[in-house]
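Chemist: below are the sequence and a predicted model for it; my questions follow.
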Amino acid sequence: MLRTRHRDLGTITGTTIRHDMDPPHVTTYSRKNGYETCEDEKFVRAEPDHYFKVSRLRVTGGICNGRGTWNSYSNFPLAHNLALSHIPISGRPSNSVLAAELLAGTNPSKPSVDLPVFLGEIRDIPKLLRLEGRSLAGLVSGINLNIQFGWGPLISDVLKMLSFQDAVDKRVRDLKKLQNGTYTRKRGLFQGSEIRTTNSYVLFSARDIWKARRVRTTTLNVWGYAKWSLTEKLPETDAELRRLANRAVHGLYVNPSAAWELIPWSWLIDWFSNVGDLLDAKRNLIPATPTVIRICEHRQTTDKFSFTSQPKGAYCDDIERILETKSRTAASASLQAYLPFLTGRQISILGSIGVLRRHRARNSPKL
């Protein structure tokens, strides 16, 4: 059963006096210093990992005093009727997509270096030694693709294999945690930010005019955690456990994920779907299953007003409002297709492929 709790963080009240009216007109204004709300599930007893969503707004500054051209101010609170909300962040995947990424990244069976894929790609090394294209654009495109899909991943895998001992030791420790009960792992999933600026924002205009430069910034951080539990017993001796950890670290077992990685153009499909993550999430060399999947989110919006124009004789310090929202939600992984916001790296890859295709078309023999 959901419940909601709310409390205000105090109120400030002040007045303005219009001196151009007879008699002078007094107006009273009030502004809340902020609030806190919490929405969660109510249980007979405390339950871990339950849903919750908390929000907090705090307002500082913006208290005006003095006598301007037309009005007098006594603890007058500016921005008393101005609502605040988060700026929408584009590009955030759905919770189902994030859950698949979370399970893929925390699966105890996930390899550090997938040797079957590594060995399958070694046959492409001779191609990496040959640059395509005679034009400058063709040379640059060929080099870019060789780095992105050839030398970059190859060097990364070799460096990981050089530290395989540490990787195996860490996996053994992880397996022992699984033997002792639930194994919890956390993973960052998404970050984003947006900013909006208004150079001349009118906060109050009753003959006297108060203007400020407004900068509103929203940041978003999404992460998740998964709890894994064994479905079968693991080997009891340290030697057997180490052999199992070595197989997991190097991907030395038959699995659909390795086959998927070796399929041409599977990387492009993964840009527009989460097939690869779902296959990684289903790796099962280690007999474990996720018992808890949670997506956590932290949004923070900072709204600042820096005064650029104040009535002569009156003063008000700058305003800062901070709105925070934190949540934890249960999620499940499912197959989804989507239109992503391509990164600079992805755009460069598609551009290089396009250049090489045009080069090959121009140089192909005409029938």
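Modeler: Received the coordinates, thanks.
Chemist: how about the helices in this structure?
Modeler: Per DSSP state H, the chain carries helices over the ranges 95-106, 115-122, 125-128, 136-146, 152-162, 164-179, 238-250, 256-262, 266-272, 275-281, 344-363.
Chemist: what average pLDDT does the third one get?
Modeler: The predicted model gives helix 125-128 an average pLDDT of 48.
Chemist: likewise the fourth one?
Modeler: Averaging pLDDT along helix 136-146 gives 48.
Chemist: got it, and the longest one?
Modeler: On average, the pLDDT along helix 344-363 is 47.
Chemist: swap in the first one?
Modeler: Summarised as a single mean, pLDDT over helix 95-106 is 93.
Chemist: how many residues are close by residue 248?
Modeler: 25 (other C-beta atoms under 10 Å). In this view, the C-beta of every residue, glycine as well, is placed from N, C-alpha and C.
Chemist: what's the answer for residue 92, then?
Modeler: Neighbour count of residue 92, defined by other C-beta under 10 Å: 17.
Chemist: identify the residue nearest it in space, chain neighbours excluded?
Modeler: Nearest residue to residue 92, sequence neighbours excluded (C-beta to C-beta, 6 or more residues apart in numbering): residue 190, at 5.6 Å.
Chemist: wait, what's in contact with that neighbour?
Modeler: Each residue near residue 190 by C-beta atoms under 8 Å, 6 or more residues apart in numbering is listed here: 91, 92, 93, 98, 220, 221, 222.
Chemist: from residue 295, how far out is it?
Modeler: 10 Å (C-beta to C-beta, to the nearest Å).
Chemist: now do the shared contacts for the two.
Modeler: With C-beta under 8 Å, 6+ apart, residue 190 and residue 295 have common neighbours 98, 222.
Chemist: for residue 12, what are its contacts?
Modeler: Each residue near residue 12 by C-beta under 8 Å, 6+ apart is listed here: 30, 31, 33, 63, 75, 77.
Chemist: closest to residue 279 out of those?
Modeler: Ranked by distance to residue 279 (C-beta to C-beta), the contacts of residue 12 are led by residue 33 at 51.3 Å.
Chemist: could you measure from that closest one over to residue 11?
Modeler: 7 Å.
Chemist: next one: residue 95
Modeler: For residue 95 relative to residue 11 (C-beta to C-beta), the value is 37 Å.
Chemist: thanks a lot, see you next time.
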